[in-house]
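Enquirer: task: produce atomic coordinates for the following.
(2 chains)
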Amino acid sequence: MIIDAFLLRALAAGLMAALAAAPLGCFVVWRRMAYFGDATAHAAILGVALALGFDLSIFVGTLVTAFGMALFVSVLSGRGWAMDTTLGVLAHSALALGLVAASFLTGTRVDLTAFLFGDILTVRPSELWGMAAGTLGVLALMAWRWEALLTATISEDLALSLNIKPERERLILTLALALAVAVSLKVVGALLIGALLVVPPATARVFARSPERMAIGAVIVAALAVVAGLGASLTWDTPAGPSIVVAAATLFVAALSVGGLSSDRRAR
Amino acid sequence: MNALIEAHGLSVAYGPAAPVLTHVDFTLNPGEIVTIVGPNGSGKSTLLRALLGMVPAAEGKVTRAPGLRVGYVPQKLHLDANLPLSVERFLRLTRRLDADTVAHLLSRVGAPGLETRAMATLSGGQMQRVMLARALAGDPQLLVLDEPTQGLDQPGTAAFYRLIETVRRELGCAVLSVSHDLHVVMSASDRVVCLNGHVCCEGTPSVVSNAPEYRALFGLGTQGAFALYQHHHDHGADHPDHPHDHETCDHDH
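Expert: This is a model prediction of the structure:
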């Protein structure tokens, strides 16, 4: 039953990543933070290098660097930096810096492929606990702050008038994003976490009539993509992480073609 | 009669730049309609935000009546097309309202039956009415509107202000608004505060429109107001480093 055990672990890891990334991804879409998500995810590679270099837990290493990057970007955007360029510089610099830092690691040769593209089939039982804690953390933050986050997303002034502090909500999103990155790293890899954040919500958007339904729909789409991607990976021996993203993209295209025919093309 | 909001010697600055507002004294009484007018960059929106505690005072003091219920109508919403938000859901943000209350609020603002419409598909006028409905949901003692008629045409603007007057009559709430639509606003206000970094002049609409400070800022007739209206739209939001009109309105700093 060895196959069953590693498959179940992969499935559990994938579903947890789906749960962590999908509702948060809705805010990434609504707030147009897709590139922000990429920068945070790319910083995780630097976290992997640091964790390996200093013999720390990779989960903690990625969590800390991702949070650091997300905070840094938040501070810069608060100071009125042009975000598109800033994020472009930071996202790619963090990735390159991580790759260079990893090359300095002596002793065991480090294979970064697993962290760049994910390696869901080698998830260890011990790693699942960290992922479960991270997923619960993201879901708790989302549930606790949902109305406030939504209000601050729709209008910061409206939020302020209701005693909701937009900066605080931004910080909570930043923390949730770092957690989701740490959870998803082993599943789809740093390069494709951005896809896991954006594609399921974009798919759910086609049919969703409320923010809540879009979040739930995004979880369902992400979970379907995980199952289908894993299945495809086992059947055709394709890499699991990219297969999950391809499955999500396929669902997106399918939703668009069905939604485009049946729905009333709600104004965009 | 206890004031709803009082400010004494209020100064507000954004960062190390020169203060946007200096030594403003301001009082708002229950049931009053007060309109803050002033050229672009004069600190109108900043005064509104400071009075509501949305930006901190650099100097001076703002006192709000304890437990003051404020209904705030923001300048505009940032609605991404990918956010599926119905009018009903928007009205229910951070509030529990039953279907009857939602329907009643929408008909009160002259937008009945919009419950299931997506916010993103509303016209400018409908959007303003829905935002007003939201502000009224908490049974406010004070209704605050930040340039509520931006993007509305003249008839739309006039209709919206008539609606505000009706609402005020029905609810008896105070109304504090910021506007550049001078020719429409003036008649509806109990008091007008003309602002340009500090309070240039204030009083009833007729007193203010005849005040030399006001005339120097806005010109004599609607001509001046129209020019300002155009000018404002060119620049979008207020900006603190927009040059003030120093020749026409003397600053004392």
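
Enquirer: sec struct for residue B:61, please.
Expert: The three-state label given to residue B:61 by DSSP: H, G, I helix; E, B strand; the rest coil is strand.

Enquirer: number of residues surrounding residue B:107?
Expert: Here the number of neighbours of residue B:107 (other C-beta atoms under 10 Å in any protein chain shown) works out to 13. C-betas here are computed from N, CA, C, even on glycine.

Enquirer: what is the neighbour count of residue A:12?
Expert: Neighbour number of residue A:12 under other C-beta under 10 Å is 17.

Enquirer: ok, the one 10 residues further on next?
Expert: Neighbour count for residue A:22, taken as other C-beta under 10 Å: 31.

Enquirer: pretty sure it sits in a strand.
Expert: No - the assignment for residue A:22, made by three-state DSSP, is helix rather than a strand.

Enquirer: quick check: it vs chain B, distance?
Expert: 14 Å (C-beta to the nearest C-beta, to the nearest Å).

Enquirer: ok, now which ones touch that residue?
Expert: A:200-201, A:204, A:215, A:218-219, A:221-222 (C-beta atoms under 8 Å, 6 or more residues apart in numbering or on different chains).

Enquirer: any buried residues in the particular helix or strand that has residue A:221 in it, and which?
Expert: For residue A:221, the host element (DSSP states H and E) is helix A:211-236. Neighbour counts using 16 or more other C-beta atoms under 10 Å in any protein chain shown place A:211, A:214-219, A:221-230, A:232-233 of helix A:211-236 among the buried residues.

Enquirer: show me the helices in the chain, by range?
Expert: All of this is about chain A. A:2-30, A:34-53, A:58-78, A:83-103, A:113-117, A:125-154, A:156-161, A:166-188, A:193-205, A:211-236, A:240-262 (DSSP state H).

Enquirer: ah, I was thinking of chain B
Expert: Under DSSP H, chain B gives helices at B:44-51, B:87-91, B:99-108, B:124-136, B:154-171, B:182-188, B:205-210, B:212-218, B:222-235.

Enquirer: do the shortest one and chain A meet?
Expert: In this case it means helix B:87-91. Yes - using C-beta under 8 Å from any C-beta of the partner chain, helix B:87-91 reaches chain A at B:89-90.

Enquirer: from the buried residues of helix A:211-236, list the ones also adjacent to chain B.
Expert: Answer for these near chain B (C-beta under 8 Å from any C-beta): A:211, A:214.

Enquirer: re the thing from before, in TSV: the helices of chain B, plus mean pLDDT.
Expert: Below are the helices of chain B laid out as TSV (pLDDT from 0 to 100):
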stretch	mean pLDDT
helix B:44-51	89
helix B:87-91	94
helix B:99-108	92
helix B:124-136	91
helix B:154-171	86
helix B:182-188	67
helix B:205-210	76
helix B:212-218	76
helix B:222-235	38
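
Enquirer: any idea what sits nearest residue A:112, other than its immediate chain neighbours?
Expert: Closest residue to residue A:112 apart from its sequence neighbours, by C-beta to C-beta, 6 or more residues apart in numbering or on different chains: residue A:102 at 5.5 Å.

Enquirer: who's in contact with the closest residue to chain A within chain B?
Expert: Nearest residue of chain B to chain A (C-beta to the nearest C-beta) works out as residue B:72 at 3.5 Å. Going by C-beta under 8 Å, 6+ apart, residue B:72 touches A:157-158, A:161-162, B:52, B:135, B:144, B:146.

Enquirer: bridging residues for it?
Expert: residue B:144 (DSSP bridges).
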